[in-house]
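Asks: just a sequence and a predicted model for now, questions to come.
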Amino acid sequence: MRPFDLQRPDSLEHARNLSTGETATLIAGGTNLLDLMKLQVEVPERVVAIDRLGMNEIQATEDGGLRIGALVTNTATANDARIRSDYPVLARAILAGATQQLRNRATTGGNLCQRTRCYYFTNIDQPCNKREPGSGCGAIEGIARLHGVLGTSSSCIATYPGDMAVAMSALDATVEIVSADGSERSVPVRDFHLLPGDTPWRDNVLETGEIITAVTLPALVEGKQLYRKVRERSSYAFALVSVAAIIAMEGDTIARADLAFGGLAHKPWYDPRLSDLLVGKAPDAALFDSAADLLLENAQGYGENDFKIPLARRTLAAVLAEATETEL
Amino acid sequence: MPDTITINGTDHTLPSDPRVSLLDFLRHDLGLSGTKKGCDHGQCGACTVIVNGMRINSCLTLAALHDGDDVTTIEGLGTPENPSALQAAFVEHDGYQCGYCTPGQICSATAMLDEIKAGFASDASESLDGEMEASADEIRERMSGNLCRCGAYANIVAAIRDVASQGETA
C-alpha cells in the first residue's frame, strides 16, 4: 500500500472541509477501498475516515418511510425490524451479498460507492479506461464473464457489482448528499449511478467533496417483494443476473410492477417501460416474454457473457411467475 | 484521540503508521500469530477476529481506526488446556486438515452462533423473522466467508452443529 495521510474528523462540517481536493478519499467500512489500495488501483494521498460522524441510525420519516444513515452497516439494515417487515426486498438483497464478516463492516454509503469487480479494473498491469482513462478496455475482447450486456460503451463494459442498490432502485429510494460548501441535494438511486459512456471513470454522480449522508426509502408499498440472485456458487459470489421486484395484483391483473436488475449494467438497471407494459395486464408466460423482449431489446453480449441475455429472460420470467403465482 | 485497543483483555498502543491493517498489527506488532493471513483481500476469512462482538476480516481494516475497540482473537477464546466449546468440537470432529483456516473458522463460528441466538437472518433463512436455526444449510451459508482449501467442510459443519445443539457459544 502506498503511504497516505489519515485524517479522522469528528464532525460532518470538518469532514466536508477535509474531503475537498482530488487526492482525498473517504473511508467508512473500508472493505472495498482497502482492497483496492493494496492492489494500487486506488492510490489516495489523503484518506479521510468518516466513521466517527454518527449517521448510523435508521429513523422513520414524516411521510411514513425510513431514513437509513450513510454509516448504518449492511448487517444493521438487514436485521432492522422495520426493514424486515416493510422492505424485505432490501433485507434479502443485502443478505444475498458478500459474507457476514464483510456486511458487519460495509456501510450504506460505501456500498453504493463500491467499485466494479472487472478483472481488468483490479489488475494494474491491464488496460482499463475506468482506472486509467485512455488506456483501453481489456474486457471487450477479453474475459467478460461478469460484464454488462445493457448500456455498455466502446470504452467500458464493467458492471456495478452490488445487490443493496438494486433493491433500493426497485424501491425508488433517494440518496441524500451534502457538498463541501454545506449545500444539500437528493438524487434518486435510479439516477445515482452512471452509464460508462466515454467517461467510465465516473461510477456515479458524486462530485469531489460530496458526502452521502443517508438513503431514504419511500413509504411502505403494497405488493410482494422478491430478490432473486443467480450466481456461480450459492454464496459469496457476485450476481450474474439479479432481479429485485415489487409486484402487486388487483384481482387477476398486475397493479404494480417495479423491477430493477443487477449484473447486467454499469448501474442497477431500471427500465420504466417494464412497469407500463405489465400493469393492467393478466400475468402469463406470453406477457413475461414481452417484458423480457422489452428489457433486452438493445442487449449486446461480448462473447463470454452472451449467456446473460437468456439468463436475464428466464430469471425475469421466474420472478414474475413467483410474484403473481402464475404457472409457467 | 485515544490510541489504545483492547485485545483479549489487554490494552495495547496502536501503531503510528496508518497503513497497518488490524491483521498485521496483531501478527507482527503483538506476536499474536494465531490469526492467519490467507488472501489479505477479504476473500478467505482466515483473518477473522471478533471486534466489539462482531466478526470482521482483520485484513480489510486499518488498526489506527480501532482505538477504544475490544478485539477477541483465537488466543482469547481458549487454551490447549482449557479450550472453548468450539475449539474442543473442532478437535473432536477433525474440523481441519492443515489447520491454517481453523482460527478464522472458530472465531467466525463463535460470533455466528451468537448471531443465530440474536435472531440475525441469513440468505438461507426461510423467514426473516422468528427464531433462527443452526441447520446445516444455515451454517454453510453463514460460514461462506471462511474458505478451507483442504475441504474439511463436512467436519467443520459437524463441529459447529454439535456446539449449537449444546446451546453453548464459547
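Replies: Structure's in. What do you need?
Asks: for whichever strand or helix holds A:Phe261, buried residues please.
Replies: Element membership of A:Phe261, judged by DSSP states H and E, is strand A:253-262. Using 16 or more other CB atoms under 10 Å in any protein chain shown as the test for burial, strand A:253-262 gives A:254, A:256-262. In short, each C-beta sits where N, CA and C put it, glycine included.
Asks: for those residues, work out which two are farthest apart.
Replies: A:Ile254 and A:Gly262 (22.0 Å; CB to CB).
Asks: number of residues surrounding the residue lying closest to A:Arg105 once chain neighbours are set aside?
Replies: Once flanking residues are discounted, A:Arg105 sits nearest to A:Gly29: 3.9 Å by CB to CB, 6 or more residues apart in numbering or on different chains. Other residues within reach of A:Gly29, judged by other CB atoms under 10 Å in any protein chain shown, total 25.
Asks: if we can go back for a sec, dump the buried residues of strand A:253-262 into JSON lines; add distance to A:Tyr120 and pLDDT as well.
Replies: As requested, the buried residues of strand A:253-262 are arranged in JSON lines below (distance: CB to CB, whole Å; pLDDT from 0 to 100):
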{"residue": "A:Ile254", "distance to A:Tyr120": "40", "pLDDT": "98"}
{"residue": "A:Arg256", "distance to A:Tyr120": "39", "pLDDT": "97"}
{"residue": "A:Ala257", "distance to A:Tyr120": "36", "pLDDT": "98"}
{"residue": "A:Asp258", "distance to A:Tyr120": "33", "pLDDT": "98"}
{"residue": "A:Leu259", "distance to A:Tyr120": "30", "pLDDT": "98"}
{"residue": "A:Ala260", "distance to A:Tyr120": "26", "pLDDT": "98"}
{"residue": "A:Phe261", "distance to A:Tyr120": "23", "pLDDT": "98"}
{"residue": "A:Gly262", "distance to A:Tyr120": "20", "pLDDT": "98"}
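Asks: can I get those residues in JSON lines including distance to chain B?
Replies: Shown next, in JSON lines, are these (distance: CB to the nearest CB, whole Å):
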{"residue": "A:Ile254", "distance to chain B": "25"}
{"residue": "A:Arg256", "distance to chain B": "21"}
{"residue": "A:Ala257", "distance to chain B": "23"}
{"residue": "A:Asp258", "distance to chain B": "20"}
{"residue": "A:Leu259", "distance to chain B": "20"}
{"residue": "A:Ala260", "distance to chain B": "18"}
{"residue": "A:Phe261", "distance to chain B": "19"}
{"residue": "A:Gly262", "distance to chain B": "15"}
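Asks: ok so, going back, return the residues in contact with the residue nearest to A:Arg105.
Replies: A:51, A:73, A:105-107, A:110 (CB atoms under 8 Å, 6 or more residues apart in numbering or on different chains).
Asks: can you check A:Thr174 too?
Replies: A:186-189, A:215-216, A:218.
Asks: quick one, which of the residues you listed are buried?
Replies: A:187, A:189, A:215-216.
Asks: could you dump the strand holding A:Phe261 to PDB, C-alpha only?
Replies: What follows is strand A:253-262 as a C-alpha-only set of coordinates in PDB (Å, rounded to 0.1, in the frame of the first residue of the first chain):
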ATOM      1  CA  THR A 253     -54.300  -8.200 -13.200                       C
ATOM      2  CA  ILE A 254     -51.000  -6.700 -12.300                       C
ATOM      3  CA  ALA A 255     -51.400  -3.400 -10.400                       C
ATOM      4  CA  ARG A 256     -47.800  -2.600  -9.700                       C
ATOM      5  CA  ALA A 257     -44.600  -3.900 -11.100                       C
ATOM      6  CA  ASP A 258     -41.400  -2.200 -10.000                       C
ATOM      7  CA  LEU A 259     -38.300  -4.100 -11.300                       C
ATOM      8  CA  ALA A 260     -34.600  -3.500 -11.100                       C
ATOM      9  CA  PHE A 261     -31.800  -5.700 -12.300                       C
ATOM     10  CA  GLY A 262     -28.200  -6.400 -11.100                       C
END
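Asks: what's that strand packed up against?
Replies: Judged by 3 or more CB pairs under 8 Å, 6 or more residues apart in numbering or on different chains; DSSP states H and E, the packing partners of strand A:253-262 are helix A:164-170, strand A:241-250, helix A:272-278, helix A:308-324.
Asks: helix, strand or coil for the closest residue to chain A within chain B?
Replies: Using CB to the nearest CB, the closest approach of chain B to chain A is made by B:Gly145 at 2.8 Å. The local conformation at B:Gly145, judged by DSSP: H, G, I helix; E, B strand; the rest coil, is coil.
Asks: and it, how many residues sit next to it?
Replies: 25.
Asks: repeat for B:Asp94
Replies: 13.
Asks: how far away is it from B:Ala136?
Replies: As judged by CB to CB, to the nearest Å, B:Asp94 and B:Ala136 stand 17 Å apart.
Asks: any stretches of chain B with poor pLDDT?
Replies: Low-confidence segments of chain B (pLDDT under 70): B:1-2, B:168-170.
Asks: for the spatially most central residue of it, grab phi and psi.
Replies: Nearest residue to the geometric centre of chain B (CA atoms, centre = their mean): B:Cys107, 2.2 Å. Here is the backbone geometry of B:Cys107 (degrees, to the nearest 10): phi -60, psi -40.
Asks: that'll do, ta.
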